[in-house]
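Student: kindly generate the corresponding structure for this input.
(one chain, ligands or ions: 1)
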Amino acid sequence: MDKTFQLGWEEWAAFPKLGLPAVRAKVDTGARTSALHAVSVEPFGPLDKPQVRFIMHPVPDKPEIEVVCSAPAVDRREVTSSNGERELRWVIETPMKIGERTWPVELTLTNRESMTYRMLLGRQAIGEDMMVSPGQSCAQGALSYELYKDFPRRRPVKRPLRVAILTREPNNYSSQRLKDAAETRGHVVEMINTARCTLALDAADPRVFYDGKPLPAYDAIIPRIGASMTGYGMAVLRQFTMMGAYCLNSAEAIGASRDKLYAHQVLAREGIAMPVTAFAHSPKDTNNLIAHVGGAPLVVKLLQSTQGRGVVLAETKKAAESVIDAFRGLEANFIVQEFVKEAGGADIRCFIVGGKVVATMMRQGEAGEFRSNLHRGGSATKVKVSKDERLSALRAAKALGLSVAGVDLLRSSVGPKILEVNSSPGLEGVERTSGKDVAGMIVEYIEDHVRPIARKTVRRKKAVAAKAAADTAS
Ligand SMILES: Nc1ncnc2c1ncn2[C@@H]1O[C@H](COP(=O)(O)OP(=O)(O)OP(=O)(O)O)[C@@H](O)[C@H]1O
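Tutor: Sure, this is the predicted structure:
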């Protein structure tokens, strides 16, 4: 039986690792190397293991379909194109599937926008047992560009991602764990100090500069924005979103969860149980505030508080009045809250990744301390949460629109009461206590949600170009 693998003068190829299900290629035995259409080609990753990221428009008459690809770079070499021009091109190696057969091929990356075929299949990629029939088209069967129709909804392929962690603490446990988890899976991680980013607001080409140099297009951003940087961090995040990056938590969701008063209103609107909470603007309303939460004992919390710093327990009405007066004197914003005594100085942290509680821990304050924060000497232990607790934590994260969240709740006599929803929850306590690889789960979630297509960028660029043309004409 003839085992020769027949190729026609044109063939349909698929590149599973690049996320390209159908590319029409011209077979050209006159050319040594194969070439693939690529724009915005950017190298990234460590020097000893370089990667290239590029954008491919697989459908010639539909440039709005953009697929972001990345692959290990094997070389950078000078190639002479058919018109005799010499060009320095990145070379990648990736599996190619034609018909039933898959084999690794080397591809040089070049802009083939003006060519009919997005790919040229050169003789180096044609094996010894293959034969080209010049009179035959698509000897291995036809694919279709229809495969790109539902593209944004398809599960993206696993490719090396260029990930940035937005943090001012690159060496802390959470940043390092996320970096390790991503690198173990073949991704490249860069730590970006939020405070050092400069934003260039240009409708056609929004950029982020770092130390005066433009930052590249990232596939994903992991925001680890500290409370003191919330406003600017959100702006940086919005900019990266405009540049087409997938952001683990959106700027809006982070802003909503950081604004404690607003977050409490959202939870209340969604009917999620929490300690009765009150807020007043006028000093004349101190008595009303105290009455609203059922009188003393009660908790007064600074809206800007973190790590339990501005959280005070007032055991008597007199003490409550003094604390409220003191906070008002300092012009501080605060809320007054029912004290959930039966929680016994403990709270439960539910770590949520993509609509699932993936790890939990119970934090218990030191003897005589009603605040359970680990920074205040509290200790963490394993805990099994009830269905009610799990569901209310999930509802709280969903209400605020957070994909990754640390939801704190109190065990009250009438069921779970949500205390707070954190948008940059620390990993150390929860990983050490639960023994779970939470960082790994976050990276897997990112892999499943990174956009395979950068359509928005194209649409925006087109809209800006069209407006400029209209302005010139008028
Ligand atoms: N209403 C309450 N009833 C009982 N205990 C409470 C109440 N509010 C807070 N606590 C205790 O005080 C701790 C700190 O409160 P909270 O989490 O609201 O403060 P925070 O400063 O925002 O802390 P974080 O750093 O976790 O954001 C809680 O973990 C909990 O143990």
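Student: count of neighbours near the nearest residue to residue 339 once chain neighbours are set aside?
Tutor: Closest residue in space to residue 339, ignoring its immediate chain neighbours: residue 297 at 4.4 Å, by C-beta to C-beta, 6 or more residues apart in numbering. Where you see a C-beta, it was placed from the backbone N, CA and C, and this is true even at glycine. Applying other C-beta atoms under 10 Å, we find 17 residues neighbouring residue 297.
Student: so residue 297 touches residue 317, yeah?
Tutor: No - between residue 297 and residue 317 there is no contact under C-beta atoms under 8 Å: 9.4 Å.
Student: hang on, the earlier thing: mind checking how far the residue nearest to residue 339 is from residue 378?
Tutor: Remark: distance between residue 297 and residue 378 (C-beta to C-beta, to the nearest Å) = 20 Å.
Student: and what of residue 50?
Tutor: Taking C-beta to C-beta, one finds residue 50 at 45 Å from residue 378.
Student: which of these two has more neighbours?
Tutor: Set side by side, residue 50 and residue 378 show more neighbours around residue 378, with 20 against 16, by other C-beta under 10 Å.
Student: what residues are up against that one?
Tutor: 363, 364, 365, 366, 369, 371, 372 (C-beta atoms under 8 Å, 6 or more residues apart in numbering).
Student: who in the stretch 201-350 of the chain is up against the ligand?
Tutor: 275, 299, 301, 305-309, 311, 337-340, 343, 347 (C-beta under 6 Å from any ligand atom).
Student: list just the nearest of the residues you listed to residue 60.
Tutor: Among these, residue 306 lies closest to residue 60 (C-beta to C-beta), at 53.5 Å.
Student: burial count for the nearest residue to the closest one once chain neighbours are set aside?
Tutor: Once flanking residues are discounted, residue 306 sits nearest to residue 227: 5.1 Å by C-beta to C-beta, 6+ apart. Neighbourhood size, residue 227 [other C-beta under 10 Å]: 14.
Student: who's in contact with residue 227?
Tutor: 258, 304, 306.
Student: likewise for residue 239?
Tutor: Residues counted as contacts of residue 239 (C-beta under 8 Å, 6+ apart) are 197, 199, 201, 206, 207, 208.
Student: try it again with 6 Å
Tutor: 199, 206, 208 (C-beta atoms under 6 Å, 6 or more residues apart in numbering).
Student: quick one: neighbours of the residue lying closest to the second one once chain neighbours are set aside, just the number.
Tutor: Right, the one you point to is residue 206. Of all residues beyond its chain neighbours, the one nearest residue 206 is residue 242 (4.4 Å), with distances taken as C-beta to C-beta, 6+ apart. A count of nearby residues for residue 242, using other C-beta under 10 Å, gives 19.
Student: and if you look at the one 10 residues further on?
Tutor: By the measure other C-beta under 10 Å, the count of residues near residue 252 is 14.
Student: same question for residue 341.
Tutor: 13.
Student: could I get the phi/psi values of it?
Tutor: The phi and psi values for residue 341, taken as degrees, to the nearest 10, are phi -70, psi -40.
Student: residue 28 contacts residue 123, doesn't it?
Tutor: No - under the criterion of C-beta atoms under 6 Å, residue 28 is not in contact with residue 123, lying 7.9 Å apart.
Student: quick one: which of the two has more around it?
Tutor: In terms of neighbours (other C-beta under 10 Å), residue 28 is the more surrounded of residue 28 and residue 123; the figures are 19 against 15.
Student: ok, residue 353 to the ligand distance?
Tutor: Distance from residue 353 to the ligand, counting by C-beta to the nearest ligand atom, to the nearest Å: 19 Å.
Student: which parts of the stretch 51-200 of the chain are strands?
Tutor: Secondary structure of the stretch 51-200 of the chain, counting by DSSP state E, counting those that start in this stretch: strands at 51-56, 67-80, 86-98, 101-110, 119-121, 130-132, 162-166, 188-192, 197-200.
Student: hmm, who's touching stretch 86-104?
Tutor: With C-beta under 6 Å, 6+ apart, stretch 86-104 has contacts from 11, 13-15, 17-18, 41, 52, 71, 73-76, 78-80, 105-110, 140-141.
Student: from these, list just the buried residues.
Tutor: For these, a neighbour count by 16 or more other C-beta atoms under 10 Å gives the buried set as 11, 13-15, 17-18, 41, 52, 71, 73, 79, 105-110, 140.
Student: now, which of these lie close to the ligand?
Tutor: Checked against the ligand using C-beta under 6 Å from any ligand atom, the buried ones among the contacts of stretch 86-104 give no members in range.
Student: so where's this structure uncertain?
Tutor: Scanning the chain for pLDDT under 70 picks out 1-2, 151-157, 452-469, 471-474.
Student: redo that, cut-off 80
Tutor: By pLDDT under 80, the low-scoring segments of the chain are 1-3, 81-83, 150-158, 202-205, 280-284, 304-308, 451-474.
Student: need the helices for it, in chain order.
Tutor: Along the chain, the segments classed as helices by DSSP state H run 173-184, 230-242, 251-258, 260-269, 286-292, 317-329, 387-399, 428-434, 438-449, 455-473.
Student: dump the second one to PDB, keeping only the CA atoms.
Tutor: This means helix 230-242. C-alpha atoms of helix 230-242 as PDB (Å, rounded to 0.1, in the frame of the first residue of the first chain):
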ATOM      1  CA  THR A 230      -6.700  51.800  45.300                       C
ATOM      2  CA  GLY A 231      -7.500  54.800  43.100                       C
ATOM      3  CA  TYR A 232      -4.300  54.800  41.000                       C
ATOM      4  CA  GLY A 233      -4.200  51.100  40.900                       C
ATOM      5  CA  MET A 234      -7.700  51.000  39.400                       C
ATOM      6  CA  ALA A 235      -6.700  53.500  36.700                       C
ATOM      7  CA  VAL A 236      -3.600  51.400  35.800                       C
ATOM      8  CA  LEU A 237      -5.800  48.300  35.600                       C
ATOM      9  CA  ARG A 238      -8.300  50.000  33.400                       C
ATOM     10  CA  GLN A 239      -5.500  51.000  31.100                       C
ATOM     11  CA  PHE A 240      -4.300  47.400  30.800                       C
ATOM     12  CA  THR A 241      -7.800  46.300  30.100                       C
ATOM     13  CA  MET A 242      -8.000  48.900  27.300                       C
END
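Student: tell me what angle that helix forms with strand 188-192.
Tutor: 140 degrees (axes from the mean of the first three to the mean of the last three C-alpha atoms, to 10 degrees).
Student: what is the burial count for residue 83?
Tutor: So residue 83, with other C-beta under 10 Å, has 5 neighbours.
Student: my error: substitute residue 33 in the last question.
Tutor: Residues near residue 33, counting by other C-beta under 10 Å, number 18.
Student: same deal with residue 226?
Tutor: Count around residue 226 with other C-beta under 10 Å applied: 14.
Student: state the distance from it to the ligand.
Tutor: 11 Å.
Student: can you list phi and psi of the residue nearest the centre of the chain for me?
Tutor: The centroid of the chain falls nearest to residue 248 when counting by C-alpha atoms, centre = their mean (2.7 Å). Dihedral pair for residue 248: phi -50, psi -50, per degrees, to the nearest 10.
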